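# my questions are about this predicted structure, shown below with the sequence.
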Amino acid sequence: MTFRVPTILTAACFALALAAPGGAQQPAAQPSGKAAHSARSANSANQRAADLLNTINKGEIDTGQLMQNHAESQSVKDYANMLVNDHQDAQKQLESTAGQNNINLTTNAALQKHSEAAENRLKNESGAQADKAFINDEVRDHTTAIRRLKALEPNVTDSGLKSVIDSSLQTMQKHLDAAKKLQSQGASGK
C-alpha cells in the first residue's frame, strides 16, 4: 500500500499500577515534574516512531506486492520487488527490536486507512497510468516519511529503535532516489 503520513500522528500511552505484595497497596515511586514529563515524552516518541515504521513497512510490502503483478513496466516491477524485500527486512528488524525492548507494535489507524484507499485506487488503474500513479505516490510518500522520521528521531531514547530508524532512513532514501529516477523517465524506466 502506498501511504500518506497524516498531519497528526496518533500515539499510544501506557499506565502502570504497581501494588506491593501481600495485598497492601503502596504507591510506586513515580518521577515528578520535569522528570515524569520527560519519561512520558520519551516513551511516547519511541511508540510513535515504532508505530509509524510498522505502518509504513506493512503498507509498502502490500503495495509492492500488488505492483509486482500489476505494473506494466519491468523497471516498475523491479522497483516494487525492491520495496517488498527491503521493507520485509526492515519489519523483521523492527519486530526484533520491539520484542527486546517491550515496545508494543501497533499501526497508525489513519495512515493505514489512507494507505488502503491509495492501494484500492491503484488497483483500478492499469498499464502506464498505474505505473505513473504508483511512482508519483512513492516519491511523495517517501519524502513525507523521511521528514516525519527525522522529526521524531531526536526524541527517541531507545538505542535499538534509533538504530532501526537510521537504517530505515537510509533505505527510504534509496527508495526515494530510485523512484525519482523512474519518475524522471516517465515511470517506465526506459
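Here it is on my side, so go on. Numbers count the residues shown, from 1 in each chain.
# which positions in the worst-scoring helix or strand of the chain on mean pLDDT come out as buried?
One helix or strand of the chain scores below all others by mean pLDDT, DSSP states H and E: helix 33-70, with a mean of 80. Neighbour-count burial for helix 33-70 flags 43-68, 70 (criterion: 16 or more other CB atoms under 10 Å). Every C-beta, even on glycine, is put in place using the N, C-alpha and C of the backbone.
# now do it: distance to the chain's middle.
The chain centroid and the centroid of helix 33-70 are separated by 5 Å under CA atoms, centre = their mean, to the nearest Å.
# could I get the average pLDDT for the very next helix or strand once past it?
Downstream of helix 33-70, the first helix or strand assigned by DSSP states H and E is helix 74-100. Averaging pLDDT along helix 74-100 yields 97.
# so how far is helix 74-100 off the chain centroid?
Centroid displacement of helix 74-100 relative to its chain, using CA atoms, centre = their mean, is 11 Å.
# so that helix versus helix 33-70, what angle?
150 degrees (axes from the mean of the first three to the mean of the last three CA atoms, to 10 degrees).
# in terms of secondary structure, what does helix 74-100 contact?
On a contact count with 3 or more CB pairs under 8 Å, 6 or more residues apart in numbering; DSSP states H and E, helix 74-100 meets helix 33-70, helix 127-152, helix 159-184.
# wait, isn't Ser167 in contact with Ala90?
Yes. Under the criterion of CB atoms under 8 Å, Ser167 makes contact with Ala90 at 7.0 Å.
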